[in-house]
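1. Below is the sequence, then the predicted model.
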Amino acid sequence: MNVLAYDLGASSGRAVIGHLKDSKMEVEEIHRFSNDPVHVGDRLHWDILRLIHEIKQGLLITKVQKLTIKSLAIDSWAVDFGMIGQHGELIGNPYHYRDQHTDGMMEKVLAKLPMKEIFSRTGIQFLSINTLYQLASLQQAGSPLLKEGKHLLMIPDLLRYFLSGEAVHEFTNATTTQMYNPVEGQWDSTIIQRMGFQESWFGRVVQPGTHVGQLSSGIRHELGLASIPIYTAAEHDTASAVVAVPATERSFAYLICGTWSLMGTEVQEPILSDLVLELNFTNEGGAYGTYRLLKNIMGLWILQECRREWERAGLVYSFPELVQLAQQATPFYSLIDPDDLVFMPSGDMSERIRNYAVQTGQKSPEGIGAVVRCILESLALKYRYVLELTERLSGQNFQGLHMVGGGIHNTLLCQWTANAVGKPVWAGPAEGSAIGNLTVQWIAHGDFLDVWEARRVIRDSFPITIYEPEQFDMWEEAYGQFRRITCITK
């Protein structure tokens, strides 16, 4: 019997079929599609109707292939949402988290609600893209979305709603809004009321692995399908990817590597200390009673955006070709802090990298290989910094680092990460979010006793590449250089 996972990333989505055979997971991608944001006027939106169309295409493929589907679930990125009106229809296209309508909004919210109070109530790190600040921006603009909206649904909640007609919030994604109280186990009414939001926007929150409806009669009629049960996955794609980390010990560190890099560890309770707040870590909800003590790192977005910039100029390179150019460039010629806010928006990324280098007293990286090397070396060094902080905050000493996600195809980044952290890197599986999505469904169906049994099967089912640290002295010196350039002192 097959289960179906839809895994939606910031640049592409996929439909993945999974089934269990001989105590191993077998996973097949049956449909892949682009997820391109759309500029309309001055705003940047998600093409949400295209996404539901592609989800339907995945369902049609299961029909053509005569696959019996036991259940389906959806995971996606966090913080973004749609508003449902009084007649049950979507009002407007959801904004993309990189839209600049939230610029300066976090400071305005903090003038109403002190940072320490927000953190003590939510445990979530302060990012300008958080749902809290998106709503505040719409409120300030007098947006009809808030005047007419009756229910707020995060992206996977919204897509599930399109499929089933059931409006339910999933826990892991709800926590990323910075409006969910993990201590009370519910939406934080104090924050919601003091911001002037409607409490009715925020409905019932359920855990990963909950049965939340069936394909609606309209969808079944349109596609000629039988009823398929719909479950919640760990719907924040990072939470799903953490489920798929093939750890052997309860104490482990992970790096979910893709457009964003998310580094952290699993904890049983949110850590709400002043130091966690000061270092701007987060306590996002995880599966099976856990929390993800982690930090967001800008990730491969910077390289992806450079590649798009070069393509617009007629310079077309594959990612392996870019990696090869980076290998030929001078080591540690220039470094950046990947999390500097200058690298958040799209467009002109390589120019911003060069400007950063000059403004910090370095030589400007000239040529594509030099820019790519600057990005990858800087990411690896930032990973070391965040790993050290994760050990400090969690009170753990990790023996190595698990890297999961599409970024592990960049073998140079994997090796440089091992060099930077001075510990082994265990890379795999690449499709971590999709595998975690499938795993939550299997656990819900009773195919695994718990997540630890599932992680053992994941280790046995997918290849794991081990990268041992090399050139430690050179990378140790570079880490000191990185900290001086970026002024990281904590």
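-> Done, it's in.
2. Quick one: end-to-end length of stretch 192-203, please.
-> One end of stretch 192-203 sits 13 Å from the other (CA to CA, to the nearest Å).
3. so what's R352 up against?
-> By CB atoms under 8 Å, 6 or more residues apart in numbering, the contact set of R352 is 342-343. Backbone N, C-alpha and C define where each C-beta goes, glycine included.
4. Please repeat the previous calculation with a cut-off of 6 Å.
-> R352 is in contact with V342, counting by CB atoms under 6 Å, 6 or more residues apart in numbering.
5. Surely it is in a helix?
-> Yes: counting by DSSP: H, G, I helix; E, B strand; the rest coil, R352 is part of a helix.
6. Quick check: buried residues in the host helix or strand of P320?
-> Under the criterion of DSSP states H and E, P320 resides in helix 319-328. Within helix 319-328, the residues that count as buried by 16 or more other CB atoms under 10 Å are 322-323, 325-326.
7. Report the two of the residues you listed separated the most.
-> Spatial extent of the buried residues of helix 319-328 (CB to CB) is set by the pair V323 and L325 at 7.3 Å.
8. about what we covered before: tell me the one among the buried residues of helix 319-328 nearest to G405.
-> Closest to G405, out of all of the buried residues of helix 319-328 and judged by CB to CB, is V323, at 16.4 Å.
9. how much space between V358 and R352?
-> According to CB to CB, to the nearest Å, V358 stands 11 Å off from R352.
10. now R455
-> Per CB to CB, R455 is found 39 Å from R352.
11. And for R50?
-> Remark: distance between R50 and R352 (CB to CB) = 30 Å.
12. quick one, strands of the stretch 201-350 of the chain?
-> Ranges of strands in the stretch 201-350 of the chain, per DSSP state E, counting those that start in this stretch, are 205-206, 211-214, 229-231, 253-257, 261-267, 282-285, 291-297.
13. Which among the ones you listed is found nearest to N437?
-> Nearest to N437 among these is strand 229-231 (9.4 Å), distances taken as CB to CB.
14. what's L223 in contact with, if anything?
-> Counting by CB under 6 Å, 6+ apart, L223 touches 59-60.
15. In the stretch 301-450 of the chain, where is pLDDT below threshold?
-> Regions of the stretch 301-450 of the chain meeting the criterion pLDDT under 70 are absent.
16. State the distance from the nearest residue to T172 once chain neighbours are set aside to R50.
-> Spatial nearest neighbour of T172, chain neighbours left out: A239 (3.8 Å); criterion: CB to CB, 6 or more residues apart in numbering. Per CB to CB, A239 is found 24 Å from R50.
17. So which of these two has more stuff around it?
-> Using other CB atoms under 10 Å as the criterion, A239 and R50 rank with A239 on top: 32 against 15.
18. Quick check, that one in contact with Y288.
-> No: with contact defined as CB atoms under 6 Å, A239 does not count as touching Y288 (10.3 Å).
19. so how far is the longest helix seen in the chain from its chain's centroid?
-> Across the chain, the helix with the greatest residue count (assigned by DSSP state H) is helix 368-394. Relative to its chain's centre, helix 368-394 lies at 17 Å (CA atoms, centre = their mean, to the nearest Å).
20. helices or strands next to that helix in the packing?
-> Applying 3 or more CB pairs under 6 Å, 6 or more residues apart in numbering; DSSP states H and E, we find helix 368-394 packed against strand 261-267, strand 291-297, helix 319-328, helix 411-421.
21. export these to JSON lines and tack on distance to I74?
-> Output for the helices and strands packed on helix 368-394, formatted as JSON lines (distance: least, CB to CB, whole Å):
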{"stretch": "strand 261-267", "distance to I74": "19"}
{"stretch": "strand 291-297", "distance to I74": "19"}
{"stretch": "helix 319-328", "distance to I74": "27"}
{"stretch": "helix 411-421", "distance to I74": "28"}
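22. nearest to H87, of those?
-> Smallest distance to H87 across the helices and strands packed on helix 368-394 (CB to CB): 36.5 Å, for strand 291-297.
23. pLDDT of that closest one, averaged?
-> Here strand 291-297 scores 96 as its mean pLDDT.
24. Output the contacting helices and strands for it.
-> Where contact means 3+ CB pairs under 6 Å, 6+ apart, strand 291-297 is packed against strand 261-267, strand 282-285, helix 368-394.
25. again, 8 Å this time
-> Counting contacts by 3 or more CB pairs under 8 Å, 6 or more residues apart in numbering; DSSP states H and E, strand 291-297 is packed against helix 237-243, strand 261-267, strand 282-285, helix 368-394.
26. quick check: mean pLDDT across the first one?
-> The average pLDDT for helix 237-243 rounds to 97.
27. who's in contact with it?
-> Helix 237-243 is touched from outside by 7-9, 75-78, 172-173, 208, 233-234, 254, 256, 260, 262, 266, 284-287, 292, 294, 404-405, 432-437, 439-440, 451, 454, with contacts defined as CB under 8 Å, 6+ apart.
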